[in-house]
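Trainee: here's my sequence, what's the structure:
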Amino acid sequence: GGGVTLVEGLIARRRVVAVDLNPLAVKIMRHEVRPLDVAAYRAAVRRLAEAVEPAASELYAVRCPRCGARAVAVWAEYDSASGRPLRIYYECPHCGSRGIKEPEPGDLPEPPEPPPFRRVAIPPGDKTSDLLRRGVRYFDELFTRRNLYVVLRIKEEIGRLGVDEGVRSFLYFTLSSALKWASKMSHLRGDIVEGWAMHAYWIYPKYLEINVWRQFLNRAEAVIRGKEYTNRHIGDYAREARSFEELLGGGATYMVIQGDSRRLPLPGGSVDAVITDPPYGDNVNYAELSDYFLWLFGEEAPKGEEIVVNRTRGFTIYHYQRGLEEVFRECYRVLRPGGLLISTFNSKDALVVGAFVHSLARAGFRFAGASPQPYLQAYETTFHALQAGAMTYDFVFFFYKPGGAEGTPVGQAYSPPARLGELEEFFRQELEACKRSWCTEREYRMRVYPRLIEFFARARSMSEVAAASGALERVVRASAEYFREARRRLIESRRASAGQ
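Mentor: Residues are numbered from 1 along each chain as shown. The predicted structure is shown next:
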């Protein structure tokens, strides 16, 4: 994933094996922990600016409405249907003014033909279907001609720089990071300028063309801050292994595997703990979304091996459950007896949660408990978290491999109901308790999920999992009118608070 386990493990001076099928995740992890000569990187960014900035300044040029001199567009908002600019946010280096202006002749001159590049078709998928229906067939069509030119020009100039290959790799990494703000999937959310922030490809009716060169420079500063942190807290302790034997021998401290977790090149009982955050059913189809950040560099995320629910690929909840079970069986094999498997997980779809828990149980793990973890503050402003019914928390699950003499977790958080009917009655009782305080659906699910999870951990088959999750969904559907009213009250409360 995003490399948190790898980074924190190395900070704690542990030896870590990081595994992901997705090449984008592997790139992120390696760049997070690999030492960087920050001074050399800064110098490379300055040299890159000498080559790119003159052209970028020309392409994002607008007339300052106050002094009439040439100002710089920070972003321009376009009408998607006509492709015409509606308004421009500018900054003037001459008089210091900044703000919104109406487009006028001469603003945002047309770019030249872009440098040569290989067009990459957008593959069919659950998350790409809207683009394909709208006739967007290639990834480059997600960019305005201006931003495409600047992105390709940055890439071209990075390749020409006479710099260390490690520094060049970080420059390409910075460019990939800047792509979040480079496409027509950027938009205004109120007064907030937001890059691509959805779990799907979507061009808004009014999209933004953001000054991508400025975004590259912003991301470069973020890379510098990140590397100053990891250089300070990890430093030369980060030594990548080419094999597990090298890791065990002490010549290295971490190993990154780009591959399928169903087949790990590790001996049995060799791992002290497993920490994971698997895909949540169909919530995020990582491979389809990652292609946006990979196409520019001639790479593509593998999709046939991905363990998700995906209708386009014919991946059902049962395919998902079997895939997770195969991964967790392999985790069970490499984990020492008594070792912990810790995972974050959540889904509004109880059947997806059930498939996850059932897979771990079938793999041989014992359930020790689960604890809700609220989102970090930075995640609370994402598109999904802002929805009134959003699940703005994850559960942290604790499972263990039986057989350890020391440190084996014991006890269960809840006694499982003997029959499905008792579980359904529990759902109804909790709903009545919720109604007394106008709990939302999210809050209701947070109350009943621990007991449901305990049931999933003891289920004998996916049929029992489906029956239990179905019982919860029946209660939720039967109370749809109540939950709509609770949601309405929450929205009104938020608006009232915002107006204070």
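Trainee: quick one: distance of the helix or strand containing residue 9 to the chain centre.
Mentor: Using DSSP states H and E, residue 9 sits in helix 4-11. When distances are taken as CA atoms, centre = their mean, to the nearest Å, helix 4-11 is centred 18 Å away from the chain's centroid.
Trainee: can you give me the helices for the stretch 251-400 of the chain?
Mentor: 286-294, 317-334, 350-362 (DSSP state H, counting those that start in this stretch).
Trainee: er, the stretch 51-200 of the chain actually
Mentor: 129-133, 145-160, 165-178.
Trainee: and the stretch 401-500 of the chain, by the same measure?
Mentor: Counting by DSSP H, counting those that start in this stretch, the helices of the stretch 401-500 of the chain are 420-435, 441-458, 462-478, 480-499.
Trainee: out of those, which is closest to residue 269?
Mentor: helix 441-458 (23.5 Å; CB to CB). For every residue, glycine as well, the C-beta is placed using N, CA and C.
Trainee: as a whole number, average confidence for the closest one?
Mentor: Averaged across helix 441-458, pLDDT comes to 91.
Trainee: go on, stretch 315-328?
Mentor: Stretch 315-328 comes out with an average pLDDT of 97.
Trainee: contacts for that stretch next, please.
Mentor: Identification of contacts with stretch 315-328 by CB atoms under 8 Å, 6 or more residues apart in numbering yields 261-262, 278, 281, 306-309, 341, 351-352, 355-356, 358-360, 362-363, 365, 462.
Trainee: and the worst-scoring helix or strand of the chain on mean pLDDT, what's buried?
Mentor: Lowest on mean pLDDT, DSSP states H and E among the helices and strands of the chain sits helix 480-499, with a mean of 86. Buried residues in helix 480-499, defined by neighbour count with 16 or more other CB atoms under 10 Å: 482-483, 486-487, 490.
Trainee: ok now that helix, how far from the chain's centre?
Mentor: Offset of helix 480-499 from its chain centre (CA atoms, centre = their mean): 28 Å.
Trainee: where does this protein dip in pLDDT?
Mentor: For the chain, applying pLDDT under 70 flags the ranges 375-393, 404-418, 498-500.
Trainee: swap in 80 and give it another go.
Mentor: For the chain, applying pLDDT under 80 flags the ranges 1, 374-393, 404-418, 494, 497-500.
Trainee: can you pull the contacts of the residue nearest to residue 465 when sequence neighbours are not counted?
Mentor: Using CB to CB, 6 or more residues apart in numbering and skipping the chain neighbours, the partner closest in space to residue 465 is residue 354 (3.7 Å). If a contact means CB under 8 Å, 6+ apart, then residue 354 has 452, 456, 459, 462, 465-466, 468-469 as its contacts.
Trainee: ok, now with 7 Å
Mentor: Contacts for residue 354 were tallied using CB atoms under 7 Å, 6 or more residues apart in numbering; they are 456, 465, 468-469.
Trainee: ok, so of these, who is nearest residue 77?
Mentor: Nearest to residue 77 out of the contacts of residue 354 is residue 469 (CB to CB; 43.1 Å).
Trainee: shouldn't the closest one be in contact with residue 355?
Mentor: No. Counting by CB atoms under 7 Å, residue 469 stays clear of residue 355, with 9.0 Å between them.
Trainee: looking at the two, which is more packed in?
Mentor: Taking neighbours as other CB atoms under 10 Å, residue 469 and residue 355 compare with residue 355 leading, 27 against 21.
Trainee: residues in contact with that one?
Mentor: Residue 355 sits next to 317, 320-321, 324, 465 when contact means CB under 7 Å, 6+ apart.
Trainee: now swap in residue 357 and tell me
Mentor: 453, 456-457.
Trainee: now the residues you listed in a markdown table, with distance to residue 111 and neighbour count?
Mentor: Listed next are those as a markdown table, based on distance: CB to CB, whole Å; neighbours: other CB atoms under 10 Å:
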| residue | distance to residue 111 | neighbour count |
| --- | --- | --- |
| 453 | 54 | 23 |
| 456 | 55 | 25 |
| 457 | 58 | 24 |
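Trainee: quick one: which of the residues you listed is nearest residue 210?
Mentor: Closest to residue 210, out of all of the contacts of residue 357 and judged by CB to CB, is residue 453, at 42.0 Å.
Trainee: would you confirm that that closest one contacts residue 370?
Mentor: Yes. Between residue 453 and residue 370 there is a contact under CB under 7 Å: 5.4 Å.
Trainee: so where do the strands sit in the stretch 201-350 of the chain?
Mentor: 206-210, 254-258, 271-276, 335-345 (DSSP state E, counting those that start in this stretch).
Trainee: now find how far off-centre the third one is within its chain.
Mentor: Mean C-alpha position of strand 271-276 versus that of the full chain (CA atoms, centre = their mean) differs by 21 Å.
Trainee: only alpha carbons, please: show that strand as CSV.
Mentor: Presented in CSV, the C-alpha positions along strand 271-276 are these (Å, rounded to 0.1, in the frame of the first residue of the first chain):
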residue,chain,number,x,y,z
VAL,A,271,7.8,-13.6,10.2
ASP,A,272,7.0,-12.2,13.6
ALA,A,273,3.9,-10.1,12.7
VAL,A,274,1.8,-9.4,9.6
ILE,A,275,0.3,-5.9,9.2
THR,A,276,-2.0,-5.4,6.2
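Trainee: how about that strand: buried residues?
Mentor: Neighbour counts over strand 271-276 (16+ other CB under 10 Å) mark 271, 274-276 as buried.
Trainee: which neighbours does that strand have in its sheet, and in what orientation?
Mentor: Strand pairing for strand 271-276, determined by DSSP bridges: strand 335-345 (parallel).
Trainee: what's the angle between the strand it pairs with and helix 441-458?
Mentor: Per axes from the mean of the first three to the mean of the last three CA atoms, to 10 degrees, the angle that strand 335-345 makes with helix 441-458 is 160 degrees.
Trainee: for strand 335-345, buried residues please.
Mentor: Quick answer for strand 335-345 (16+ other CB under 10 Å): 335, 338-345.
Trainee: residue 244: which of the strands of the stretch 201-350 of the chain is closest?
Mentor: Among the strands of the stretch 201-350 of the chain, strand 254-258 comes nearest to residue 244, with 6.4 Å by CB to CB.
Trainee: quick one: list the elements packing against that closest one.
Mentor: Applying 3 or more CB pairs under 7 Å, 6 or more residues apart in numbering; DSSP states H and E, one finds that strand 254-258 contacts strand 16-20, helix 23-33.
Trainee: residues making contact with it?
Mentor: Applying CB under 7 Å, 6+ apart, the external contacts of strand 254-258 come out as 6, 10, 15-20, 23, 26, 29-30, 33, 238, 240-241, 244, 247.
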